Each structure stands twice: as structure tokens, then as C-alpha cells.
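[1] Quick one: sequence plus predicted model below, questions after.
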Amino acid sequence: MTKAVLKRLSSLASGFRGRKITVFGDLMLDRYVKGSVKRISPEAPVPVVRVTSESSVCGGAANVAVNLATLGAAPALVSVAGRDSAAEELTSLLSAAGVPPTHLVQDPSFRTIEKTRVIAEHQQVVRFDREHPALLGPAAKKAALASLDEALSGGCGALILSDYGKGLLEPATIKAAVALAARRNVPVFVDPKVEHFQLYRGVACITPNTSEAFGGMRLTQRDGQPAAEQLGRTIVRKLACRSLLITQGEHGMTLFTRRGAAVDSVHIPTRAREVFDVTGAGDTVISTLALAWAAGGSPEEAALAANFAAGVVVAKLGTASVTVEELLESARSWITA
């Protein structure tokens, strides 16, 4: 890491402001119930959490959009929510974060997904989900694709597919979304789910973690960088994507880029720091990667920016986002280290 690289990242970041990025995928409302534990319940061997605070934030594709807005971009979020109190809370949070709910489809037969995490002494005690993906019908998906077409027609630097496996992204909608982007020469970035992994052919970049990368190729997971290198090259060649970024937790991330018939790779290590919560880190990675790429960065520069951004959010508790200032400060700390 050199000062020249930092200068280049600063230049890219200056191009984030107002850049249009479209996000298409499953959104949800993340609730946090926080408290302290002083005793074990006499009713069952479980901790008794004395609640001290409750809060809600945007989750899933909504968190991707919020990450983009926090970095200064102008995101368009396309998804499906219900007509319920959770949807009202979610749209209010989105608006407050600078993400207009203009392209959201609201379906009265669908229940907005909610994930509630109970956290005590900085540790997650339990999580409970309210979701009914089967209620997301064909009419809602068709309306979401029409909304996506409208969002892309207004001009867009990148399309992010945020696949949480909650029903909106399925073979038909994936194919349609990729085709809509291709028609307008919009690069597509994918945070994939294992079951849909091999459907994302020809996209600009896929950002699986190690488990998703092996699972997506129906392979038994193997540890070590040599195994990751072999897997990455196999994925890029089979899916004919321009690049692939495998995130590897505390081991950093590895970027694979197709150069004609060859596939180049570069490993980006992570600097040791205290990790409080990895919730939503993948959302931060793909939002920063796509935004830096759309701002004119090379795949390597975009991946480096994503690495710095991820290093910031994992040091925060709960679903979080990163500002440009935090991203650049994270980069500066690498120089001094």
C-alpha cells in the first residue's frame, strides 16, 4: 500500500457523489433488541436478557442501498415489500438514509421480512425471523421487473443483484434482470446465493464468501489459498464472468480477473483488528465494489476499496455502513502500519 494508491482511491471516492447505482433484490427490516444478562432463567437453561434498547435498520438489499447512499451515491432500490407496519418503518428508514422508496413494489398479500436479533453483552443470544417467501407471487415479481426496467432506463452506472434467497431472485427474474442490464450496457454485480450461483453467467463480478463459492460449484470445501486459487479460476472460466471476488473473512479476499484466455489473481490481505460483528459485511463489500468500479476504478482498485470498507463495518456492532471519510481513514491506517 503506497501513498499513490491512497491518492487514487481518494480520486475515485470523489466520483462517488451522485452516481446512480440500481439495487435489485430481497429487502428486510433488521431489528435489534439489546440488553444485559445477570442470571439464568429458572424456567429453562437460557439467559435472562434485561432489555435496555430496541432499534431497527435496513437489511438485505435495503442495506446495500443505504451503504451506497452513505458513500454519496444516488441508489435506486427495486424490491417488493408488503403493506404492513414493517414496510412503513422500512420506507421511513430508507428515506431518512437518502434512499427514495420510489421503485419499491408493495404487495398486500406479501409480508415484509423481519429479522430480530437479541444481543446481550455484545453477543447475539438468538435471532428470530418473520418471513413467508411463498407469498411472493408472479404478479409482484412482474411488477418488480417493470420497476427495474424503469430504474435502468433513467441511466445507471451499475446494477447490483442482492440475492438473499427470499423469493424475488429466481431463475426467471435473474435472467430477465441480467438481460435488462445487458441491453443498456450496465455492468452487473452479484452477491449470490448458493442455489442460484451458476445462473449468473457473464456478469461483471460475483462476490461469494468461501463457503458460497465451493457450494455454488457443488464442491466440498477445502481450506488454504491454493484451493481458493484453483476454485476461483474454475468459476471465472465456467461462468464467463469478467471477475470474481471471493471474500475469506480474516484471511482477506482474492480477486480473479479474466484477461482473454487467462485468469489473473491478486490476494488482498486484511489487517488484524477487533471484529465485533460481520452482519451485513457482504452488503458493504458489493456496494463499495460496484460504486468504485462505476466511478472508473479497475477491478483491482474496486476490490481494494471494498476491502477497506469491510474492515470498517466489521468493527461496528450490527448492520452498518461506511462513509467515504471512514473508508479513506482505513486506507491511511494501512500506510502507517
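    Cool, the structure landed.

[2] where does the chain have low pLDDT?
    Applying pLDDT under 70 to the chain picks out residues 1, 271-280, 315-320, 335, 337.

[3] Strands of that one, start to end?
    Taking DSSP state E as the test, the strands found in the chain are 20-25, 27-40, 47-60, 74-81, 104-106, 114-120, 123-130, 158-162, 188-191, 205-206, 243-247, 253-259, 262-268.

[4] what's the spacing between the second one and its chain's center?
    In other words, strand 27-40. Counting by Cα atoms, centre = their mean, to the nearest Å, strand 27-40 is centred 22 Å from the centre of its parent chain.

[5] buried stuff in it?
    By 16 or more other Cβ atoms under 10 Å, the buried positions in strand 27-40 come out as 27, 28, 29, 30, 31, 32, 33, 34, 35. In short, each C-beta sits where N, CA and C put it, glycine included.

[6] follow-up on the earlier one: the strands of the chain: which one's closest to residue 93?
    Across those, residue 93 has its closest neighbour in strand 47-60 (5.3 Å, Cβ to Cβ).

[7] what does the closest one contact?
    Contacts to strand 47-60, defined as Cβ atoms under 8 Å, 6 or more residues apart in numbering, come from residues 25-41, 63, 65-66, 89-90, 93-94, 97, 99, 113, 115, 118, 120, 125, 162, 164, 166, 280, 283, 318-319.

[8] so residue 196 touches residue 168, yeah?
    No. Counting by Cβ atoms under 8 Å, residue 196 does not reach residue 168; the two are 11.2 Å apart.

[9] more neighbours, those two?
    When residue 196 and residue 168 are compared for neighbours, residue 168 comes out ahead with 29 against 17, by other Cβ atoms under 10 Å.

[10] And the more buried one, how close does it get to residue 155?
    Going from residue 168 to residue 155 by Cβ to Cβ, to the nearest Å gives 23 Å.

[11] Likewise for residue 118?
    Residue 118 sits 43 Å away from residue 155, taking Cβ to Cβ as the criterion.

[12] ok so, going back, could you dump the strands of the chain into CSV and include distance to residue 331?
    Below are the strands of the chain laid out as CSV (distance: least, Cβ to Cβ, whole Å):
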stretch, distance to residue 331
strand 20-25, 21
strand 27-40, 28
strand 47-60, 25
strand 74-81, 23
strand 104-106, 34
strand 114-120, 30
strand 123-130, 30
strand 158-162, 21
strand 188-191, 21
strand 205-206, 20
strand 243-247, 18
strand 253-259, 15
strand 262-268, 12
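
[13] now the helices for the chain?
    Along the chain, counting by DSSP state H, helices occupy 3-14, 61-70, 85-96, 138-153, 171-183, 210-216, 225-239, 281-294, 299-313, 324-336.

[14] Can you list the neighbours in contact with the fifth one?
    Contact partners of helix 171-183, identified using Cβ under 8 Å, 6+ apart, comprise 24, 141, 144-145, 148-149, 152, 159, 161, 163, 169, 187-188, 196, 199-200, 202-203.

[15] Also the last one?
    The contact list for helix 324-336 (Cβ under 8 Å, 6+ apart) reads 1-3, 5-6, 9-10, 13, 16, 71-72, 271, 288, 305, 308-309, 311-312.

[16] Against the centre of this protein, work out the most remote residue.
    Most distant residue from the mean C-alpha position of the chain: residue 42, 40.6 Å away (Cα atoms, centre = their mean).

[17] With neighbour numbers in mind, choose between residue 118 and residue 155.
    With neighbours defined as other Cβ under 10 Å, residue 118 and residue 155 compare such that residue 118 has more, 18 against 10.

[18] in the sheet, who's paired with the more buried one?
    On the basis of DSSP bridges, residue 118 is bridged to residue 33, residue 126.
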